[in-house]
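> would you be able to build a 3D model of this:
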Amino acid sequence: MRTIRVETSAATILLTEAPEPKVRDRQTGEIAKDAISGEALMTIGVVYIEDGESSLIKVTIPEGGVSEGLNLGAPVSLPGLIARPWESVFNGQQRHGIAYRAAAVTPAAFPAAMGASA
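The predicted structure is shown next:
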C-alpha cells in the first residue's frame, strides 16, 4: 500500500493523548507489534495545526520512539510522519480512513509567532 510523507515544518503539533499501547485484538488484549522489527507499538493523540486549520489525529509510534518529557498540551515533533490510506469491509460495511505513523515523538518548542504576546 502506498504511503505519503507528511511535511510538518510549517505545522504546530500538540499532544492531546499520552502514549498508550496499541491493542491489536480487543478481546484478548494482545498488543500490536511492528511487522518487521517485532517492537511493541504505541498510539498518541495530537492536534495538527497548519494554515489556520486543525485536525485531531491518532499516530502510531514504536515503543522505543517515545521520548521522555512529553506533556499533554505541549508541542511535539513527529519525525518521519507518514499517512497511509486504508479500506476494509467489516460486517458487510465498507470502511476507509487514513492511518498515521511516525518514527518517534519528541518534545518540541512553540513556534515564535505562537509564543509571542502583546
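
> which stretches in the protein count as helices?
For the chain, the helices defined by DSSP state H occupy 112-115.

> residues contacting residue 61?
Residues counted as contacts of residue 61 (Cβ atoms under 8 Å, 6 or more residues apart in numbering) are 19, 41, 42, 43, 44, 78, 101, 102, 103, 104, 105. The way it works is simple: take the backbone N, C-alpha and C, and place the C-beta from them, glycine included.

> do that again at 7 Å, thanks
42, 44, 102, 104, 105 (Cβ atoms under 7 Å, 6 or more residues apart in numbering).

> across the sheet, point out what pairs with it.
residue 42 (DSSP bridges).

> that older thread, now the contacts of residue 61 as CSV including pLDDT?
Formatted as CSV, these follow (pLDDT from 0 to 100):
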residue, pLDDT
42, 97
44, 98
102, 97
104, 97
105, 97
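
> what would these look like in JSON lines with distance to residue 83?
As requested, those are exported to JSON lines (distance: Cβ to Cβ, whole Å):
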{"residue": "42", "distance to residue 83": "18"}
{"residue": "44", "distance to residue 83": "15"}
{"residue": "102", "distance to residue 83": "10"}
{"residue": "104", "distance to residue 83": "17"}
{"residue": "105", "distance to residue 83": "16"}
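
> which ones among those residues map onto strands?
Under the assignment DSSP state E, those contribute 42, 44 to strands.
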